[in-house]
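Colleague: Predicted model and sequence below, questions to follow.
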Amino acid sequence: MLRSNRGFTLIEILVAMTVMITLLSVAVPFFRVQARSVGANAGRMDAHFNAQFAVNAIDRDLRVAGAGIVDAQPMIVYAAPNAVTFNTDLVSTNPGDPGAVYLDPDALGSLTTVLPKERPITLPLSAVAYPDSTYWLSAGLPSRAETISYWVEPDGGGSGIYVMYRRVNDDVPTVVARALRPTATPVFRYFKVDSAGRQVEISQILLPIMHRAAIHGSPADTGASALTDSIRGVRVALLGVYDDPDKGEVSKRIQTGVRLMNAGLVRQSSCGEQPLPAVAVVASLTSANPPQITITWAASMDEKQGEADVQRYALFRREAASPDWGDPFASVAGGLDSYSFVDADVQYDQTWVYAVSAQDCTPANSDIAVSNAVITPPSP
């Protein structure tokens, strides 16, 4: 029996090709848009996490500044708008070192003990050499506290992009994060305590300041040296940046407040119970172009009364339609008379809700106190 060998006709082939071309003409742009969207979202997340990582690294080390130092050794060595240097016994190779914050048996010995005067460093973004004295724990035993520096400087090429470095003693600096940009305010802002026990900012006009007195607490420890000794808190702010192919540069702002726990601020009557929350959290649109939202709140009752152990306030935000707060996007150190934070990392035509949580020295977080919703205006 003969079988038909009939194939497709020319008209059928043309119809099939027309349908296929039509489908491709719709699908290819769609997938291109999706790919660009995924890439842009990934870039924005990279910008956020890059700045967050840098701020977290500083927060982790600076919070324990002064741990394990000897009496003659200053805690804060150098305080500048874009750099900070301090002494702390951060890492030890000796399990019997009671003053060290971390134990690392594999750490280099030269990076776990005092920086001697025979190996001075140049303080970041300055021409000043440090130290001019070697600090001793006792006769023949050097201090175990090393010198740690963080600083931010241009990444080269005149692009306005910055890089953050970290250095321990006289070791080679390591890169903490790239693709950063300073905010409108300096990277580092410093706070001291006035006679009424309130934290007040040290004027940027006075910076940089450094501990030039060779011996902390000596008669020569006055002026700028004494001013470095008075620092009780540091506020850190950074922008992570991403070059969006459609919208241009996108930035994510991260800020945190660091209380120096070894600088006389630990006076809690107790610590461990969940703190009471902040109150009266209010969000308001304070700039329409570009949009900015200011959040204000009143202190927790456990900050200056009750357990008196509130160290800082964590700030959260979410779009009104989202049920998830996620991680804090900023924090503010406690001890102030009033509290506010300006969020400049918002876009046009969005609706935002904020929340504030008090954190004590455990650390334990209070319940969150939620603000009103704020709508940013449409793009002009």
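Modeller: Received, thanks.
Colleague: Pull out the buried residues from stretch 315-335.
Modeller: 315-318, 325, 328-335 (16 or more other C-beta atoms under 10 Å). C-betas here are computed from N, CA, C, even on glycine.
Colleague: So which of those sit within strands?
Modeller: Residues of the buried residues of stretch 315-335 located in strands (DSSP state E): 315-318, 330-333.
Colleague: With pLDDT and distance to N169 added, can I get those in JSON lines?
Modeller: Output for those, formatted as JSON lines (pLDDT from 0 to 100; distance: C-beta to C-beta, whole Å):
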{"residue": "L315", "pLDDT": "89", "distance to N169": "35"}
{"residue": "F316", "pLDDT": "90", "distance to N169": "38"}
{"residue": "R317", "pLDDT": "91", "distance to N169": "39"}
{"residue": "R318", "pLDDT": "90", "distance to N169": "43"}
{"residue": "A330", "pLDDT": "81", "distance to N169": "31"}
{"residue": "S331", "pLDDT": "80", "distance to N169": "29"}
{"residue": "V332", "pLDDT": "82", "distance to N169": "32"}
{"residue": "A333", "pLDDT": "77", "distance to N169": "28"}
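Colleague: and of those, the nearest to P208?
Modeller: Ranked by distance to P208 (C-beta to C-beta), those are led by A333 at 20.9 Å.
Colleague: Check the burial of the closest residue in space to that closest one that isn't next to it in sequence by counting its neighbours.
Modeller: Leaving aside its sequence neighbours, A333 sits nearest to G257 (C-beta to C-beta, 6 or more residues apart in numbering; 3.1 Å). Counted with other C-beta atoms under 10 Å, residues neighbouring G257 total 25.
Colleague: hey, what's G257 bridged with?
Modeller: Under DSSP bridges, the beta-bridge partners of G257 are R235.
Colleague: Of all the helices and strands in the chain, which has the lowest average confidence?
Modeller: Here the helix or strand of the chain ranked lowest by mean pLDDT, DSSP states H and E is helix 10-62, holding a mean of 71.
Colleague: wait, doesn't L123 sit right on V77?
Modeller: Yes. In this structure L123 lies within contact range of V77 using C-beta atoms under 8 Å: 7.2 Å.
Colleague: Walking through the stretch 51-200 of the chain, point out its strands one by one.
Modeller: Shown for the stretch 51-200 of the chain, the strands assigned by DSSP state E, counting those that start in this stretch span residues 76-80, 83-88, 91-92, 102-103, 121-122, 129-130, 136-138, 141-142, 146-154, 162-168, 174-181, 188-193, 199-201.
Colleague: Contacts for stretch 155-173, please.
Modeller: For stretch 155-173, the external contacting residues (C-beta atoms under 8 Å, 6 or more residues apart in numbering) are 54, 57, 61, 90, 108, 110-111, 115, 119-121, 124, 146-154, 174-182, 238, 241.
Colleague: how about that stretch: buried residues?
Modeller: Neighbour-count burial for stretch 155-173 [16+ other C-beta under 10 Å]: 155, 161-169.
Colleague: Just the terminal-to-terminal distance for that stretch.
Modeller: End-to-end distance of stretch 155-173 (C-alpha to C-alpha, to the nearest Å): 14 Å.
Colleague: Residue nearest the middle of this protein, spatially speaking?
Modeller: V55 (2.2 Å; C-alpha atoms, centre = their mean).
Colleague: these two touch, right, it and L239?
Modeller: No. Shown here, V55 and L239 do not form a contact pair, counting by C-beta under 8 Å, at 10.7 Å.
Colleague: what residues are shared contacts of the two?
Modeller: Joint contacts of V55 and L239 (C-beta under 8 Å, 6+ apart) are I254.
Colleague: Enumerate every residue touching the closest residue to A224 other than its chain neighbours.
Modeller: With sequence-adjacent residues excluded and distances taken as C-beta to C-beta, 6+ apart, A224 is closest to I209, at 4.4 Å. By C-beta under 8 Å, 6+ apart, the contact list for I209 reads 78-80, 202, 224, 227-228.
Colleague: Adding distance to A299, write the residues you listed out as TSV.
Modeller: Listed next are these as TSV, based on distance: C-beta to C-beta, whole Å:
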residue	distance to A299
Y78	31
A79	26
A80	30
I202	22
A224	32
L227	27
T228	27
